[in-house]
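Participant: Okay, here's the prediction I keep looking at, along with the sequence it came from:
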Amino acid sequence: MAPVFAPYPATRLRRVRRTPQLRALVRESHLTPGDLIWPIFVRDGKSERDPIPSMPGVSRLSVDLVVEAAREAASLGIPAICLFPYTDPSLKTEGCEEAWSADNLSNTATRAIKDAVPDIVVMTDVALDPYNANGHDGIVRDGVIVNDESVEALVKMALAQADAGADILGPSDMMDGRIGAMRAALESAGHTETAILSYAAKYASGFYGPFRDAVGASGALKGDKKTYQMDPANTDEALRQVARDLSEGADMVMVKPGMPYLDICRRVSETFQAPTFAYQVSGEYAMLRGASDQGWLNGDHVMMESLMCFKRAGCDGILTYFAPQAARLMNG
């Protein structure tokens, strides 16, 4: 139904914009710290904080400092953190065996966090690129990213993460059939309560560059990821991807990147009415933070505006490197 209102001057749309209190009364979308997931990069060592040049203000943290970050998140009302490991190059192989080691960085950090801050939700990344000598999210054979062998490896990785205590698994690999295979394996292993937040509509985007620097995959990557990540020109395909992942047992779905794909967020949210998340990826963060550091943008203003736009587009939550800064602002 089209909106109905009296003609001017009986209707003056500015009336309800006049004061902050009036604007709050009619605000359609709301953002709280509880809408945020904080991605954190894990490295080896102790008391190590390694700044990432392409992501100003973001560092790789040793496990002890990751635990402190988890405490900070809990104190700010951020319900979840997501772990991404920076793996020693000597541990990267073509078979990616480190990915399902019980003592790899991600699993070690998960156990440490759950011991120290048991109520924080720990999300993990299920993809092979941090462990792959070829830098790809799947196993490479003769220059081809093979699907089914990769899924077998990803299932082992998912089980190891569930064993370590991860609350949410985040398959970001985009291999066909991996959600169903993981869900079946989790059920068989007794991990019936482990949730899956599927990177269901992940695009072959140019906005991931700083992230690849952060996890040490930039130099290792051979070729590109266009045979398994989505074509940025496609929208209907995203709906097919989401429908499949939900039908295979995903509890939540994600669109990645975020701001350039708000139309996808809206279509997914309205079509499926399932918990829908977006990832404000490293390139989006770097652009806003870089422009802010140069004084070209008001950093706090554009940060909060950018996060609100995800809520306006229908997202239930956002993965963002701005999480602690935004939460501090929202908490006053």
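Facilitator: The structure has been received and is ready for your questions. Numbers count the residues shown, from 1 in each chain.
Participant: Going by C-alpha atoms from here, please, whenever you check contacts or count neighbours.
Facilitator: Noted.
Participant: Please, where are all the strands along the protein?
Facilitator: 36-43, 49-51, 59-62, 80-85, 121-126, 140-141, 144-145, 168-171, 195-202, 252-256, 276-280, 317-320 (DSSP state E).
Participant: tilt between the first one and strand 276-280?
Facilitator: Just to be clear, that refers to strand 36-43. What separates the directions of strand 36-43 and strand 276-280 is an angle of 50 degrees, with axes from the mean of the first three to the mean of the last three CA atoms, to 10 degrees.
Participant: burial measure for Glu305, as a count.
Facilitator: 11 (other CA atoms under 10 Å).
Participant: What of Arg18?
Facilitator: 10.
Participant: same check, this time on Glu28
Facilitator: By other CA under 10 Å, neighbour count at Glu28 equals 9.
Participant: residue contacts, it?
Facilitator: Arg312 (CA atoms under 8 Å, 6 or more residues apart in numbering).
Participant: looking at this protein, which helix or strand is least sure?
Facilitator: helix 209-215 (a mean of 87; mean pLDDT, DSSP states H and E).
Participant: Convert the C-alpha atoms of it to CSV, please.
Facilitator: The C-alpha coordinates for helix 209-215 follow below in CSV (Å, rounded to 0.1, in the frame of the first residue of the first chain):
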residue,chain,number,x,y,z
GLY,A,209,43.2,-7.7,0.2
PRO,A,210,44.0,-6.4,3.7
PHE,A,211,42.5,-9.6,5.2
ARG,A,212,44.8,-11.7,3.1
ASP,A,213,47.7,-9.7,4.4
ALA,A,214,46.4,-10.2,8.0
VAL,A,215,46.4,-14.0,7.7
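Participant: can you pull out the helices in the protein?
Facilitator: In the chain, the segments counted as helices under DSSP state H are 20-25, 63-76, 105-116, 147-164, 178-188, 209-215, 236-248, 262-272, 282-293, 299-312, 323-330.
Participant: Not counting residues beside it along the chain, what's closest to Met252?
Facilitator: In space, and not counting its chain neighbours, Met252 is closest to Leu197: 4.5 Å by CA to CA, 6 or more residues apart in numbering.
Participant: List the residues that contact the one you found.
Facilitator: 168-171, 250-254.
Participant: go on, Thr93?
Facilitator: Here Thr93 is in contact with 131-134 (CA under 8 Å, 6+ apart).
Participant: Give me the pLDDT for it.
Facilitator: The model reports Thr93 with a pLDDT of 94.
Participant: hang on, the earlier thing: out of the strands of the chain, nearest to Ala243?
Facilitator: Ala243 lies closest to strand 195-202 among these, at 8.8 Å (CA to CA).
Participant: just to revisit the earlier point, JSON lines please, covering the contacts of Leu197 and showing distance to Arg49 and neighbour count.
Facilitator: What follows is those, written out as JSON lines (distance: CA to CA, whole Å; neighbours: other CA atoms under 10 Å):
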{"residue": "Ile168", "distance to Arg49": "25", "neighbour count": "25"}
{"residue": "Leu169", "distance to Arg49": "25", "neighbour count": "24"}
{"residue": "Gly170", "distance to Arg49": "25", "neighbour count": "25"}
{"residue": "Pro171", "distance to Arg49": "27", "neighbour count": "26"}
{"residue": "Ala250", "distance to Arg49": "34", "neighbour count": "26"}
{"residue": "Asp251", "distance to Arg49": "34", "neighbour count": "17"}
{"residue": "Met252", "distance to Arg49": "32", "neighbour count": "21"}
{"residue": "Val253", "distance to Arg49": "31", "neighbour count": "26"}
{"residue": "Met254", "distance to Arg49": "29", "neighbour count": "27"}
